[in-house]
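Enquirer: Got a sequence here, can you build the structure:
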Amino acid sequence: MNNLETHIKSVNEKLQQLLKKHIALKKDNENLREELKKCKEKEAEYKYALHDLDQKVYVLKAASGQMSEVDQKEFEKRINQYIKEIDKCVGLLSD
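Expert: The predicted structure is shown next:
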């Protein structure tokens, strides 16, 4: 009987240790999820800032006349698309 009690105590202690480790790992996991979320938000902000800077560089190149022919044609194409969209919006507003 004494051997059985010591075995049960040993199993119980090991179970308690496993539960403590499980709780600690769950807490670590939650912290890592929050950190990942923050990193993804920062990444989105950086992507937006990069896109904004790329647009500014593109406009500055267009304004200074330093665009290649391919870039210039692409710029004209983009401007024409904007004009078509504006005309479409004006048409919808006038209806």
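Enquirer: Select the longest helix from the protein.
Expert: Scanning the chain for the helix with the most residues, using DSSP state H, yields helix 2-64.
Enquirer: next helix or strand past that one?
Expert: Sequence order places helix 69-94 as the next helix or strand after helix 2-64, per DSSP states H and E.
Enquirer: can you give me the angle that next one makes with helix 2-64?
Expert: 100 degrees (axes from the mean of the first three to the mean of the last three Cα atoms, to 10 degrees).
Enquirer: Please name every helix or strand in contact with helix 69-94.
Expert: With contacts defined as 3 or more Cβ pairs under 8 Å, 6 or more residues apart in numbering; DSSP states H and E, helix 69-94 has these neighbours: helix 2-64. The way it works is simple: take the backbone N, C-alpha and C, and place the C-beta from them, glycine included.
Enquirer: Kindly recompute the last result at 7 Å.
Expert: Here helix 69-94 touches no other helix or strand, going by 3 or more Cβ pairs under 7 Å, 6 or more residues apart in numbering; DSSP states H and E.
Enquirer: Give the rounded mean pLDDT of it.
Expert: The average pLDDT for helix 69-94 rounds to 89.
Enquirer: Okay, buried residues for that helix please.
Expert: Across helix 69-94, burial judged by 16 or more other Cβ atoms under 10 Å covers no residue at all.
Enquirer: Could you chop the chain up by domain?
Expert: If you go by automatic domain parsing, the domain ranges for the chain are 1-64, 67-95.
Enquirer: Pretty sure Lys61 sits against Ser68.
Expert: No. Between Lys61 and Ser68 there is no contact, the gap being 9.1 Å when judged by Cβ atoms under 7 Å.
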